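*Asks:* Only the shape, not the letters, is given here:
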């Protein structure tokens, strides 16, 4: 495992293109201009992104990959989703804080299966705190705390495709604009 540790703040997207990389931001900030993603993982495995503060992008972290870990990141003031899993399987999304996402705090879509979303704190999302959609199956959504979502605290979309065998346990939802 190759470890890349930030030693300064960054003002552009970090795209990880190799397997087995650990990005440790060590508390440093990745700041955007309102577009793109703070961190982008596309078709890579066994990558860890941790200890990052990400602000002012369209998506905080965009994941289109399998078998990765996003842990202890702070994502604020993004225009779309704080963390977006797109056709991404068997990932660990743990201990992250998402505040003021314009759309959803965390989204699992386009057949994102077998993921664990656990122990995250989501505040002031424009839409849902956590949104599971588009035939995303076998996910564990556990022990998350969601405050002040504009719509639902957690939404399991049943309008488009089946979302089967997802487990929701121990989540705490406070003051959502829609349903729990």
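*Replies:* Received it, and whenever you're ready, just let me know what you need. Remember, predicted model here, so these are calculated numbers, not experimental data.
*Asks:* can you pull the contacts of residue 113?
*Replies:* Residue 113 makes contact with 89, 90, 136, 137, 138, 139 under the criterion C-beta atoms under 8 Å, 6 or more residues apart in numbering. To be clear about C-beta, it is placed using only N, CA and C from the backbone, and glycine gets the same treatment.
*Asks:* Mind checking which of those residues are buried?
*Replies:* 89, 90, 136, 137, 139 (16 or more other C-beta atoms under 10 Å).
*Asks:* now these as TSV including pLDDT?
*Replies:* As requested, the buried ones among the contacts of residue 113 are exported to TSV (pLDDT from 0 to 100):
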residue	pLDDT
89	98
90	98
136	93
137	94
139	97
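*Asks:* Can you tell me which of these is closest to residue 68?
*Replies:* Lowest distance from residue 68 to those (C-beta to C-beta) belongs to residue 90, with 8.5 Å.
*Asks:* what about the residue lying closest to the closest one once chain neighbours are set aside, distance to residue 38?
*Replies:* Nearest residue to residue 90 in three dimensions, chain neighbours excluded: residue 114, at 4.5 Å (C-beta to C-beta, 6 or more residues apart in numbering). Relative to residue 38, residue 114 is positioned 24 Å away (C-beta to C-beta, to the nearest Å).
*Asks:* In terms of neighbours, single out the busier of the two.
*Replies:* Between residue 114 and residue 38, residue 38 has the larger neighbour count (other C-beta atoms under 10 Å), namely 29 against 16.
*Asks:* OK, contacts around that one?
*Replies:* 13-14, 30, 32, 52, 54-55, 57, 59-61, 75, 78 are the contacts of residue 38 under C-beta under 8 Å, 6+ apart.
*Asks:* Can you lay out those as TSV showing distance to residue 95, neighbour count and pLDDT?
*Replies:* As requested, the contacts of residue 38 are exported to TSV (distance: C-beta to C-beta, whole Å; neighbours: other C-beta atoms under 10 Å; pLDDT from 0 to 100):
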residue	distance to residue 95	neighbour count	pLDDT
13	23	17	98
14	19	19	98
30	18	26	98
32	22	22	98
52	12	27	98
54	14	30	98
55	18	17	98
57	20	27	98
59	19	28	98
60	14	33	98
61	13	29	98
75	12	29	98
78	18	30	98
